[in-house]
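K.L.:
Sequence and predicted model, in that order:
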Amino acid sequence: MEHQEIRPEEIDFNALMRDPMALRTLHPRFIPAVQEKLAAVLVALSQVMEAHAFREGTAQVSARLSRDNDRMLTLKEAAAILGVSASWVRDHVPCVKRLGDGDRAPIRISEFELRSWIRQQHSARNSQW
């Protein structure tokens with residue numbers, strides 16, 4: 001198989017989406033650079049998706065969620081909302097509450113407080129840009 005002398009900045013990503021196998025002719029020395037470009041695109045896409053999901057989720061949740069009808073989430077439920085692991089929630093989210101004494105006491109998170117914390121994080125991130 002012959003390798004093309006094409007540089008990563010010359011790759012037509014629209015054509016690549018139509019035919020991903022076109023990369024099989026890319027010279028191996030350019031593969032890390034292409035991977036880096038694709039990773040950057042994926043990160044940007046994830047951030048856009050997160051922003052859309054946040055806006056849609058916030059509008060839907062704020063209409064139905066208040067302190068009056070708050071519910072306590074498990075670590076797993078909170079992790080699903082954030083798209084992270086349960087251990088990350090336990091270690092990084094400030095509104096985590098242990099129900100009882102000892103390391104084996106169940107952990108819960110107020111959905112209202114979690115959503116408020118998410119809004120604060122999102123606002124802080126947007127104000128930095």
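P.N.:
In hand now; what should we look at?
K.L.:
Pop the domain breakdown of the chain in here.
P.N.:
The chain breaks down into these domains under automatic domain parsing: 1-64, 66-129.
K.L.:
Mind putting those into CSV with mean pLDDT and mean neighbour count?
P.N.:
C-betas here are computed from N, CA, C, even on glycine. Below are these laid out as CSV (pLDDT from 0 to 100; neighbours: other Cβ atoms under 10 Å):
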stretch, mean pLDDT, mean neighbour count
domain 1-64, 70, 11
domain 66-129, 83, 14
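K.L.:
So for residue 113, what's the nearest residue that isn't a sequence neighbour?
P.N.:
Leaving out its chain neighbours, the residue that sits closest to residue 113 by Cβ to Cβ, 6 or more residues apart in numbering is residue 95, at 3.8 Å.
K.L.:
residues in contact with the one you found?
P.N.:
For residue 95, the contacting residues are 109, 110, 113, 114, 116, 117, by Cβ atoms under 8 Å, 6 or more residues apart in numbering.
K.L.:
Can I take it that the last one is in a strand?
P.N.:
No. With DSSP: H, G, I helix; E, B strand; the rest coil as the criterion, residue 117 is located in helix rather than a strand.
K.L.:
my guess is it contacts residue 92, does it?
P.N.:
No. Assessed by Cβ atoms under 8 Å, residue 117 is found out of contact with residue 92, at 10.0 Å.
K.L.:
Strands along this protein, start to end?
P.N.:
72-73, 96-98, 107-110 (DSSP state E).
K.L.:
among the ones you listed, which is nearest residue 24?
P.N.:
Residue 24 lies closest to strand 72-73 among the strands of the chain, at 45.9 Å (Cβ to Cβ).
K.L.:
Report the distance from the closest one to the chain centre.
P.N.:
Relative to the centre of its chain, strand 72-73 is centred 21 Å away, using Cα atoms, centre = their mean, to the nearest Å.
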